[in-house]
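S.K.: can't give you the sequence, but here's the structure:
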């Protein structure tokens, strides 16, 4: 068992070898939770069998089929190596199944992504106390963390950044590791020719994270994770994104999912095989969650969702003081529909 301190996690994950164990990754920084889960998955994917042994599962899928996880753990790999299971948006309902595995740990690694768990939460407490388990907290980056990320990112690309520009950049980042990474990626692309970032560049390019915030709202709603949705809506509204924009983006997103399903049926292909960040212009980090959404929704359900969003959008346009509530209610209703499957 191991309850790591936040400052110990980075060193732990940088080890040459990680044990086959249960990893519960939790905290208020959802982007950092995802990044560290990806880091552990990458460690084991490099072993024999590779990515063919990985099962990437949403909690909503386990709610719909409680025996799914046991089947994945108990199925021998056809490609050699050990099974690797990643569970996203985990809830305490997962604890009884994990406790059964911990009583006689199989030769596998299970990576669990959760939200901000308090010390009494059953999932966190289990990971902190059980053998073959590790609890990894993820908290928002402080100024030193951001300075290190900025330095590492730009040094790797041989890009110079002035101290003043770096200080301004740090002041606009830090609440979410995924947003930080994407902002830094944008700046790297901008500086590919000049290999330099000035204070004026940072002023002109940084701080517009609205599209990322809206994406987080849409993904949380479409996979049925109510806690993430609540946080994402709050973050978007705090950034000044109006409810109308969120509803228009949601309508476009669910229409996109419906179009992919229709295209897959026409071409007799799996919907997940048609998802392409370059073709559909979304950030590559959303690829897995979009594939999951295509598994969770069918054409009839998407048609109903689109109709609800259209009606909500019409109401929101004429509402004086209740636009935010209208958007929140319809998105929660869609997320609840998925979470109850």
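M.R.: Received the coordinates, thanks. These numbers come from a predicted model, not from an experiment. Numbers count the residues shown, from 1 in each chain.
S.K.: buried ones in stretch 323-334, by neighbour count?
M.R.: For stretch 323-334, the buried set under the neighbour-count rule, 16 or more other Cβ atoms under 10 Å, comprises 323, 324, 326, 327, 328, 330, 331, 332, 334. C-beta coordinates here come from the backbone N, C-alpha and C atoms, glycine included.
S.K.: mean confidence score for the strand or helix carrying the last one?
M.R.: Residue 334 is located in helix 323-339, with elements delineated by DSSP states H and E. Mean pLDDT, computed over helix 323-339, is 91.
S.K.: helices or strands up against that helix?
M.R.: helix 59-64, helix 210-223, helix 226-238, helix 243-267, helix 299-318 (3 or more Cβ pairs under 8 Å, 6 or more residues apart in numbering; DSSP states H and E).
S.K.: just put those helices in a markdown table and tack on mean pLDDT.
M.R.: Listed next are those as a markdown table, based on pLDDT from 0 to 100:
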| stretch | mean pLDDT |
| --- | --- |
| helix 59-64 | 89 |
| helix 210-223 | 87 |
| helix 226-238 | 86 |
| helix 243-267 | 93 |
| helix 299-318 | 92 |
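S.K.: deepest-packed of the ones you listed, please.
M.R.: helix 210-223 (a mean of 22; mean count of other Cβ atoms under 10 Å).
S.K.: tell me which other helices or strands that helix touches.
M.R.: helix 177-190, helix 226-238, helix 243-267, helix 287-296, helix 323-339.
S.K.: can you pull out the low-pLDDT segments for this structure?
M.R.: By pLDDT under 70, the weakly predicted segments of the chain are 1, 46-52, 76-81, 203, 206-209, 320, 340-341.
S.K.: can you list the domain ranges for it.
M.R.: Per automatic domain parsing, the structural domains of the chain span 2-137, 143-205, 211-339.
S.K.: start and end of the shortest one, how far apart?
M.R.: It refers to domain 143-205. Counting by Cα to Cα, to the nearest Å, you get 20 Å between the two ends of domain 143-205.
S.K.: same deal with the longest one?
M.R.: As for domain 2-137, its first-to-last residue distance stands at 11 Å under the measure Cα to Cα.
S.K.: show me what contacts the residue nearest to residue 19 when sequence neighbours are not counted?
M.R.: Nearest residue to residue 19 in three dimensions, chain neighbours excluded: residue 132, at 7.6 Å (Cβ to Cβ, 6 or more residues apart in numbering). Counting by Cβ atoms under 8 Å, 6 or more residues apart in numbering, residue 132 touches 1, 19, 20, 21, 22, 102, 105.
S.K.: quick check on those residues: which are buried?
M.R.: 20, 21, 22, 102, 105.
S.K.: ok, those residues vs residue 216, which is closest?
M.R.: In terms of Cβ to Cβ, no member of the buried ones among the contacts of residue 132 lies closer to residue 216 than residue 22, at 26.4 Å.
S.K.: any idea what that closest one is bridged to?
M.R.: Beta-bridge partners for residue 22, by DSSP bridges, are residue 110, residue 133.
S.K.: ok, now which ones touch it?
M.R.: With contacts defined as Cβ under 8 Å, 6+ apart, residue 22 is in contact with 98, 101, 102, 105, 109, 110, 112, 127, 130, 132, 133, 134.
S.K.: closest to residue 281 out of those residues?
M.R.: Checking these against residue 281 with Cβ to Cβ, the nearest one is residue 112 at 31.0 Å.
S.K.: re the thing from before, quick one: which of the contacts of residue 22 has the most company?
M.R.: Neighbour counts for those peak at residue 127, which has 30 neighbours (criterion: other Cβ atoms under 10 Å).
S.K.: for the one helix or strand that one maps to, list every residue counted as buried.
M.R.: Using DSSP H and E, residue 127 sits in helix 122-129. For helix 122-129, the neighbour count (16+ other Cβ under 10 Å) marks 122, 123, 124, 125, 126, 127, 128 as buried.
S.K.: the fourth one is in contact with residue 119, isn't it?
M.R.: Translated: residue 125. Yes: using Cβ atoms under 8 Å, residue 125 is in contact with residue 119, at 7.1 Å.
S.K.: what residues are shared contacts of the two?
M.R.: With Cβ under 8 Å, 6+ apart, residue 125 and residue 119 have no common neighbours.
S.K.: is there a neighbour count for the closest residue to residue 168 other than its chain neighbours? I'd like the number.
M.R.: Closest residue to residue 168 apart from its sequence neighbours, by Cβ to Cβ, 6+ apart: residue 202 at 5.0 Å. Applying other Cβ under 10 Å, we find 21 residues neighbouring residue 202.
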